[in-house]
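**Student:** this one's sequence-less:
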């Protein structure tokens, strides 16, 4: 992904978040003590259009392949494209850069919905609630709730997002709160249903993003589970 090397400050107090989570949930508190410092760093600041464009390009690809295609797209425009420029680009040019037909259609829908105001500006989105952001951005072709939740956590630093359908969050939840035999790797049948994660997560409010980050780290700590989630 494209970053400027600068670290942005979180819009909430991590120490306050950790104190709340430890007081609200002893098992989660034990995980926090095992993992240590909350070291989430926000991704580079960009507009919702640029963030979602990157998300579309990265879908269903490994990081190296996605980064290569993303850079090819940026090379076309000598940087990040504007919505107008993207809409005016023949599909063949994007396909030649490695963008699939479905992603091309999603990117152009994103551009059109940015121009018509469905996708808010950076200034506007900062004033919106998490729920309103999810509702608005999932109107874009190819953008689902999970993609918006990742934007809320890792781009905007919103403190109270719990992506209950995320595989890593569910796996970390199973490792932390469920009795799983240590003699075998986790299996799909071991993972909790999203509603189970949501129910326990009620006690983590208003810092469910921080709890999610620690559940991802629980996967990293497990010898029977490969690293999962975002650092």
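**Tutor:** Nice, I can see it. None of the values given here were measured: they were computed from a predicted structure.
**Student:** where does the closest residue to residue 85 other than its chain neighbours land on pLDDT?
**Tutor:** Nearest residue to residue 85 in three dimensions, chain neighbours excluded: residue 77, at 5.7 Å (CB to CB, 6 or more residues apart in numbering). Any C-beta I mention is one placed from the backbone N, CA and C, and that applies to glycine too. Per-residue pLDDT puts residue 77 at 96.
**Student:** what's the neighbour count on residue 216?
**Tutor:** 21 (other CB atoms under 10 Å).
**Student:** Quick check: mean pLDDT of the helix or strand where it lies?
**Tutor:** Counting by DSSP states H and E, the element that carries residue 216 is helix 208-221. The predicted model assigns helix 208-221 a mean pLDDT of 96.
**Student:** Use 96 as the first number for this chain going forward.
**Tutor:** Done: numbering now begins at 96, and the last item shifts to helix 303-316.
**Student:** Other residues contacting that helix?
**Tutor:** 109, 112-113, 116, 120, 123, 126-127, 129-130, 133, 135, 247-248, 252-258, 261, 263-264, 266-268, 270-271, 296, 299, 320-325 (CB atoms under 8 Å, 6 or more residues apart in numbering).
**Student:** try stretch 259-277
**Tutor:** 122-123, 126, 240-241, 244, 257-258, 281, 285-287, 289-293, 295-296, 307, 309-314, 316-317, 319-320, 323-324.
**Student:** Show me what counts as buried in the helix holding residue 311.
**Tutor:** 303-314 (16 or more other CB atoms under 10 Å).
**Student:** for stretch 152-168, same thing?
**Tutor:** 152-153, 156, 161-162, 164-165, 168.
**Student:** okay if I get these as JSON lines plus pLDDT and secondary structure?
**Tutor:** Listed next are these as JSON lines, based on pLDDT from 0 to 100; DSSP: H, G, I helix; E, B strand; the rest coil:
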{"residue": "152", "pLDDT": "93", "secondary structure": "helix"}
{"residue": "153", "pLDDT": "90", "secondary structure": "helix"}
{"residue": "156", "pLDDT": "83", "secondary structure": "coil"}
{"residue": "161", "pLDDT": "91", "secondary structure": "helix"}
{"residue": "162", "pLDDT": "92", "secondary structure": "helix"}
{"residue": "164", "pLDDT": "95", "secondary structure": "helix"}
{"residue": "165", "pLDDT": "94", "secondary structure": "helix"}
{"residue": "168", "pLDDT": "96", "secondary structure": "helix"}
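**Student:** returning to what we had before: centre of the chain to the helix holding residue 311, how far?
**Tutor:** Distance of helix 303-316 from its chain centroid, counting by CA atoms, centre = their mean, to the nearest Å, is 13 Å.
**Student:** Please apply the same query to stretch 117-128.
**Tutor:** 23 Å.
**Student:** what does stretch 138-158 give?
**Tutor:** Distance, centroid of stretch 138-158 to centroid of chain: 10 Å (CA atoms, centre = their mean).
**Student:** Ok, stretch 116-130 next?
**Tutor:** Using CA atoms, centre = their mean, the offset of stretch 116-130 from its chain centre is 23 Å.
**Student:** tell me which element the residue positioned nearest the centre of the chain falls in.
**Tutor:** Centroid check for the chain by CA atoms, centre = their mean gives residue 245 as the closest residue, at 1.7 Å. Per DSSP H and E, residue 245 falls inside helix 240-249.
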